[in-house]
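# How does the following fold in three dimensions:
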Amino acid sequence: MQSIERQAQKNGVKLKDYGRCQFCGAKTKGGVFECFDIFNDMASNFVGGTGLFPFIFADAHCLQHSEVHGQWNNNFHLTRQYLILEKNIEWTYSKTPQLSHIMDQYKLSHPDVLIPTLPVQERGEVTVTDLVGLKLKDLEMMILKWANDVYQSYGRFHPNAKVVGDLYINRYER
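Numbers count the residues shown, from 1 in each chain. Below you'll find the predicted structure:
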């Protein structure tokens, strides 16, 4: 993953290192940088982990911070949320390149079907700071709540995610 500063600059966005996170509204004092520090610290707990939590954790945060990711970020992460949360697919690390392959094929024939960045702080109420200090069972419940909250905030784009998700299912899950 490239640095958030480089990607933000490409997108014409100035990152703030003070106050609440400028994208998700997380209760930070160090802005988006603290938000990413919390995310990265927590993500290190999932390295090598199994189950859906590493994936929906990453998807929720990426969808809340579109400005520091690539152009097709929202399509990819919303599609993976669709596959996990709606279709109950047990996600593994090996499935991510498969979804990327389907997404790459889709982009060739539908280059203008991008899921846009939602208005700032309209990407779900739950943020990464709501996870801080939770024990495992409560943490897992809150990650699931966070993922669903972010997923629902993109509700009008669920049909876009469904198209690509169903292409993935037809190719790899049948």
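# for stretch 104-117, the distance to its chain's centre please.
17 Å (Cα atoms, centre = their mean, to the nearest Å).
# mean confidence for that stretch?
On average, the pLDDT along stretch 104-117 is 95.
# what does stretch 123-131 give?
Per-residue pLDDT values over stretch 123-131 give a mean of 96.
# who touches stretch 87-100?
Under the contact criterion Cβ atoms under 8 Å, 6 or more residues apart in numbering, stretch 87-100 has outside partners 50-52, 55, 76, 79-80, 83-84, 165, 168-169, 171-173. C-betas here are computed from N, CA, C, even on glycine.
# The residues you listed, buried ones only, as a PyMOL selection?
To isolate the buried members of the contacts of stretch 87-100 in PyMOL, using 16 or more other Cβ atoms under 10 Å:
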select buried, resi 52+55+76+79+80+83+84+165+168+169
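# got the buried residues for the longest helix belonging to the chain?
If you go by DSSP state H, the chain has its longest helix at helix 136-153. Going by neighbour count (16+ other Cβ under 10 Å), the buried part of helix 136-153 is 139-140, 142-151, 153.
# for stretch 97-106, same thing?
Buried positions in stretch 97-106, judged by neighbour count with 16+ other Cβ under 10 Å: 99, 102-103, 106.
# what does stretch 115-128 give?
115, 117-118, 121, 123-124, 126-128.
# related to what we said a few turns ago, identify those among the contacts of stretch 87-100 that sit within helices.
Residues of the contacts of stretch 87-100 located in helices (DSSP H): 55, 76, 79-80, 165, 168.
# Columns distance to residue 44 on top of those, output as JSON lines?
JSON lines is the format used below for the ones in helices among the contacts of stretch 87-100 (distance: Cβ to Cβ, whole Å):
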{"residue": "55", "distance to residue 44": "15"}
{"residue": "76", "distance to residue 44": "22"}
{"residue": "79", "distance to residue 44": "25"}
{"residue": "80", "distance to residue 44": "20"}
{"residue": "165", "distance to residue 44": "28"}
{"residue": "168", "distance to residue 44": "28"}
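# Contacts only, for the spatially most central residue of the chain.
The centre of the chain sits closest to residue 59, judged by Cα atoms, centre = their mean, with a distance of 2.2 Å. Applying Cβ under 8 Å, 6+ apart to residue 59 gives the contacts 77-78, 80-81, 84, 147, 150.
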